[in-house]
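# turn this into a model:
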Amino acid sequence: MSKKILVTGATGNTGAYLVEKLLASGHAVKAASRSGRPVAGAEVARFDLTESSTYPAAFEDVDRAFLIIPAGRLNNVEFLEPFIRFAADRQVKIVFQTAYGVENDPTSPYRRAELVLERAGAPFTILRPNWFSDNFHTFWLPAIRHGIIAVPAGDSKSSFVDTRDIADSAFAALTSSRFDGRGFTLTGPEALGYAEAAAILAKAIGRPVEYDPVSDTQFIAILTGAGMPEDYAAHLAELFAMARKGWTSAVTDDVQELTGKPARSLAVYAADNRAKFLG
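Okay, here's the model as predicted:
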C-alpha cells in the first residue's frame with residue numbers, strides 16, 4: 001500500500017498547486033506548514049523546520065517528501081540538514097527545490113544543502129528553477145500596480161518559469177523513480193529581458209508597465225525599506241548581478257522531460273494571472 005507524500009510549504013504558490021495535483025491523482029498527502037492551516041482533502045501537519053518536535057508526526061506513514069527552501073534564509077545547511085537527516089534515516093525520498101545554476105557554485109548555500117542531500121543515502125531528485133514568473137505578482141506586485149518593474153537586471157535576459165511547471169515537475173519526480181539521483185534545471189520556453197516582460201504584462205492586464213533598471217544600491221534600499229533583512233536583499237542583488245553576466249538566459253527542455261508537456265510561456269502566465277495584477 002502506498003504511503004503518504006509530505007509537502008512542505010503546502011500553502012505557498014508551488015506547494016498549494018502540488019498538493020491539489022497530487023490529491024486529484026489519488027495520492028494521500030500530508031500538507032505541512034508552520035500555521036497548520038487546513039487544506040481541503042489533505043491531512044494537515046503543523047510543521048516547522050526549526051522545531052524538531054514537529055518532525056515525528058509529520059513523517060508518520062510518509063515515504064516521499066517535497067522540500068522547498070523558504071525565502072529569506074541564507075543559512076540553508078544549518079536550517080535544512082536536520083530535515084534531510086531525519087528523512088534519510090527513514091529512507092524517505094526527497095524532491096528538493098533549490099535554485100537555478102547553484103550546481104556550478106560549491107560555495108553557494110543552496111549547493112551546500114544539495115550536497116548534504118546527495119550524500120545522505122536516501123533517494124532524491126533536485127529541481128533548480130530559474131526566476132519565477134510568479135515573482136511578478138508576488139515580490140514585484142506593488143511596483144507593477146504603479147506601472148513599474150524596478151530591478152537591477154540591466155539588459156539581461158531570463159528564462160522565467162511558471163510555478164505551476166515547477167509543481168508539475170515535482171509531481172513527476174514524486175510519483176516516479178525514473179528521475180531519482182538527478183538534478184534538473186527548470187526554465188520557461190524563452191529568455192526575455194525585463195523590458196520585454198513589462199510589455200507582455202502590460203498587454204495582459206491592459207495597463208502601462210515599464211521597466212526601470214535601478215542600481216544594486218537602489219534595489220537594496222527598496223527591499224530593506226519594505227522590511228526585508230539587509231543580508232537577504234544583498235543576496236538578491238547578487239543574483240541580479242549574475243543575471244547581468246548572462247547566467248540566467250539558458251533555456252532547457254527539463255520541464256518537458258519531467259512532465260511530458262512544454263513549459264508555459266510568460267504570456268500564458270500573465271493571461272492566467274490577470275486578476276491578481278488588477279487586484
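
# next, Asp63: phi, psi?
The phi and psi torsions at Asp63 (degrees, to the nearest 10) take the values phi -120, psi 0.

# number of nearby residues for it?
Applying the criterion other C-beta atoms under 10 Å, we find 16 residues in the vicinity of Asp63. Quick note: C-beta positions are derived from backbone N, CA and C, even for glycine.

# mind listing what it touches?
With contacts taken as C-beta atoms under 8 Å, 6 or more residues apart in numbering, Asp63 has the following neighbours: Ser2, Lys3, Lys4, Ile5, Gln91, Val92, Lys93.

# wait, doesn't the second one sit right on Ala65?
By that I understand Lys3. No. Taking contacts as C-beta atoms under 8 Å, Lys3 lies outside contact range of Ala65: 10.7 Å.

# neighbour count: the two, which is higher?
Relative neighbour count places Ala65 above the other of Lys3 and Ala65, with 27 against 14, counting by other C-beta under 10 Å.

# that one contacts Val95, correct?
Yes. With contact defined as C-beta under 8 Å, Ala65 and Val95 form a contacting pair (7.3 Å).

# mind listing the helices for the stretch 1-150 of the chain?
Across the stretch 1-150 of the chain, reading from the start of the chain, the helices by DSSP state H, counting those that start in this stretch fall at 13-24, 55-59, 76-89, 109-118, 141-144.

# just to revisit the earlier point, so which of the contacts of Asp63 is the closest to Tyr269?
Within the set of the contacts of Asp63, Ile5 lies nearest Tyr269; the separation is 25.8 Å, counting by C-beta to C-beta.

# what's the local residue count around that closest one?
Neighbour count of Ile5, defined by other C-beta under 10 Å: 27.

# related to what we said a few turns ago, sort the contacts of Asp63 by pLDDT and name the bottom one.
In terms of pLDDT, Ser2 ranks lowest among the contacts of Asp63, with 65.

# so who does Val62 touch?
Lys3, Lys4, Ile5, Leu6, Lys30, Arg90, Val92.

# beta partners of it?
Lys4 (DSSP bridges).

# what about it, distance to Val7?
Using C-beta to C-beta, to the nearest Å, Val62 is found at 10 Å from Val7.

# which non-adjacent residue is nearest Pro262?
For Pro262, the nearest residue in space outside its immediate sequence neighbours is Gln256; the separation is 5.5 Å by C-beta to C-beta, 6 or more residues apart in numbering.

# pretty sure Lys261 contacts Val268?
No. Under the contact definition of C-beta under 8 Å, Lys261 does not touch Val268, with a separation of 11.8 Å.

# stretch 39-47 - what's its average pLDDT?
Over the span of stretch 39-47, the pLDDT mean works out to 91.

# can I get the CA coordinates of stretch 272-279 in CSV?
Provided in CSV are the C-alpha atoms of stretch 272-279 (Å, rounded to 0.1, in the frame of the first residue of the first chain):
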residue,chain,number,x,y,z
ASP,A,272,-3.8,33.3,-16.4
ASN,A,273,-3.0,35.7,-13.5
ARG,A,274,-4.5,38.9,-14.8
ALA,A,275,-6.9,39.2,-11.9
LYS,A,276,-4.1,39.1,-9.4
PHE,A,277,-2.4,42.1,-11.0
LEU,A,278,-5.6,44.1,-11.2
GLY,A,279,-6.5,43.2,-7.5
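
# what are the buried residues along that stretch?
Judged by neighbour count using 16 or more other C-beta atoms under 10 Å, the buried positions of stretch 272-279 are Asn273, Phe277.

# that concludes my questions; thank you for your assistance.
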